[in-house]
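# have a look at this prediction, sequence included:
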Amino acid sequence: MIRSWRCRSGMTQEELARTLGVTLSTFNRWENGRVLPSRLAWRELKEFSTKRSCPL
C-alpha cells in the first residue's frame, strides 16, 4: 500500500522519509511491511498525501 502510493506520488523513499521526519531505514520497513507506522506517522502520511493530491 505505501509503496504503490509512493510510486504514484513520484517521490523516492529518501525524499518521503526526510519529509516525514523518519529515517530511510524506518520508511523502508514500513514500505516492505516489516513494521507498521505508528498512529501519528499514519496521520502524517495521510495529511501529506492529501496535500499532494495523491490519497493513500
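Structure's in. What do you need? What you see is a predicted model, and the numbers here were worked out from it, not measured in a lab. Numbers count the residues shown, from 1 in each chain.

# switch to C-alpha atoms for all contacts and neighbour counts from now on
OK.

# for this structure, which spans come out with low pLDDT?
55-56 (pLDDT under 70).

# just the helices in it please.
Applying DSSP state H to the chain gives helices spanning 2-9, 13-20, 24-31, 39-51.

# could these go into JSON lines alongside mean neighbour count?
Converted to JSON lines, the helices of the chain look like this (neighbours: other Cα atoms under 10 Å):
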{"stretch": "helix 2-9", "mean neighbour count": "14"}
{"stretch": "helix 13-20", "mean neighbour count": "15"}
{"stretch": "helix 24-31", "mean neighbour count": "17"}
{"stretch": "helix 39-51", "mean neighbour count": "13"}
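
# gap between stretch 29-45 and the chain center?
7 Å (Cα atoms, centre = their mean, to the nearest Å).

# and it, end to end?
The stretch stretch 29-45 measures 15 Å between its terminal residues, going by Cα to Cα, to the nearest Å.

# again with stretch 30-41
Note: stretch 30-41 ends 10 Å apart using Cα to Cα.

# then stretch 6-15?
With Cα to Cα, one end of stretch 6-15 sits 10 Å from the other.

# who touches that stretch?
The contact list for stretch 6-15 (Cα atoms under 8 Å, 6 or more residues apart in numbering) reads 16, 24, 27, 28, 52, 54.

# and if we set it to 10 Å?
If you take Cα atoms under 10 Å, 6 or more residues apart in numbering as the criterion, stretch 6-15 is touched by 2-5, 16-28, 31, 49, 52-56.

# ok, now stretch 28-40?
Taking Cα under 10 Å, 6+ apart as the rule, stretch 28-40 contacts 1-6, 13-14, 17, 24-27, 42-46.

# rerun that using 6 Å as the cut-off
Stretch 28-40 has contacts (Cα atoms under 6 Å, 6 or more residues apart in numbering) with 2, 3.

# centre of the chain to it, how far?
Centroid separation for stretch 28-40 versus its chain: 9 Å, with Cα atoms, centre = their mean.

# now do that stretch: distance from first to last residue.
17 Å.

# any idea how far the spatially closest residue to residue 20 that is not a sequence neighbour is from residue 53?
Nearest residue to residue 20, sequence neighbours excluded (Cα to Cα, 6 or more residues apart in numbering): residue 44, at 7.0 Å. Per Cα to Cα, residue 44 is found 14 Å from residue 53.

# many thanks, I have nothing further to ask.
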